[in-house]
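Enquirer: A structural model of the following input is requested.
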Amino acid sequence: MGQAEMSKGKTVITYGTFDVLHVGHVRLLRRLKEMGDRLIVAVSTDEFNTGKGKRCLMPFEQRVELVESIRYVDLVIPEECWEQKVDDIQKHSVDIFAIGNDWEGAFDDLKAYCEVKYLPRTEGVSTTGLKGLLSAFDNGKIEQLHEALNILKSLAEDLS
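Expert: Have a look, this model is predicted:
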């Protein structure tokens, strides 16, 4: 191995929506950064998420701004389609593609271009879970409002 190869740092890339940014995301990004010297994060665009049937709470530009502010991240790029991964790997000289193990096996075809790693997710926290809590909270408040309206209607009827 030549001197240039020995001094070349590893580049790691990952992909995600990063909606409702939480500690699981930060821990994942820290682990990814520990695998190499440069971490690239591809954030799914709103249009791409719509095509996947995903609805985001935050627009793309805000999600990018949040991910860029994390100290482990060196570069943020847009993820516009499933097919761009090979081009991204080649364009950015990526050594490692890494993603959560909920995608286990889904990106094994990328092994022809770089190392592929599936990492365990952070126990007890997920965007889906947080969105479910928010939804339950919203539905609970809506139900309380309906009950309050029914009480007011009943009182109004009693007074008339």
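Enquirer: Neighbours of the closest residue in space to residue 95 that isn't next to it in sequence, how many?
Expert: Using C-beta to C-beta, 6 or more residues apart in numbering and skipping the chain neighbours, the partner closest in space to residue 95 is residue 10 (4.2 Å). Yep, even glycine has a C-beta here, placed from its N, CA and C like the rest. Residue 10 has 15 neighbours, counted by other C-beta atoms under 10 Å.
Enquirer: and the gap between residue 10 and residue 18?
Expert: 22 Å (C-beta to C-beta, to the nearest Å).
Enquirer: Likewise for residue 62?
Expert: 10 Å.
Enquirer: For the residue nearest to the spatial centre of the chain, which three-state class applies?
Expert: Taking C-alpha atoms, centre = their mean, the centroid of the chain lies closest to residue 18, which sits 2.8 Å from it. With DSSP: H, G, I helix; E, B strand; the rest coil as the basis, residue 18 sits in coil.
Enquirer: wouldn't it be in contact with residue 68 here?
Expert: No - using C-beta atoms under 8 Å, residue 18 makes no contact with residue 68, being 10.5 Å away.
Enquirer: Between these two, which contacts overlap?
Expert: Taking C-beta atoms under 8 Å, 6 or more residues apart in numbering as the contact rule, residue 18 and residue 68 have no neighbour in common.
Enquirer: wait, is residue 85 part of a helix?
Expert: Yes - according to three-state DSSP, residue 85 belongs to a helix.
Enquirer: Tell me how far the residue lying closest to it once chain neighbours are set aside lies from residue 95.
Expert: Closest residue in space to residue 85, ignoring its immediate chain neighbours: residue 110 at 6.1 Å, by C-beta to C-beta, 6+ apart. Computed as C-beta to C-beta, the residue 110 to residue 95 distance reads 12 Å.
Enquirer: What are the boundaries of the helices in this structure?
Expert: With helices called from DSSP state H, the chain shows them at 3-7, 23-34, 46-51, 60-68, 85-91, 127-159.
Enquirer: any idea how this protein splits into domains?
Expert: 3-122, 126-160 (automatic domain parsing).
Enquirer: Out of these, which one sits most buried?
Expert: Highest mean neighbour count among the domains of the chain (mean count of other C-beta atoms under 10 Å): domain 3-122, with a mean of 16.
Enquirer: so where's this protein shaky on pLDDT?
Expert: 1-8, 122-150, 152-160 (pLDDT under 70).
Enquirer: mind running it again at 50?
Expert: The model of the chain has pLDDT under 50 over residues 1-7, 130-131.
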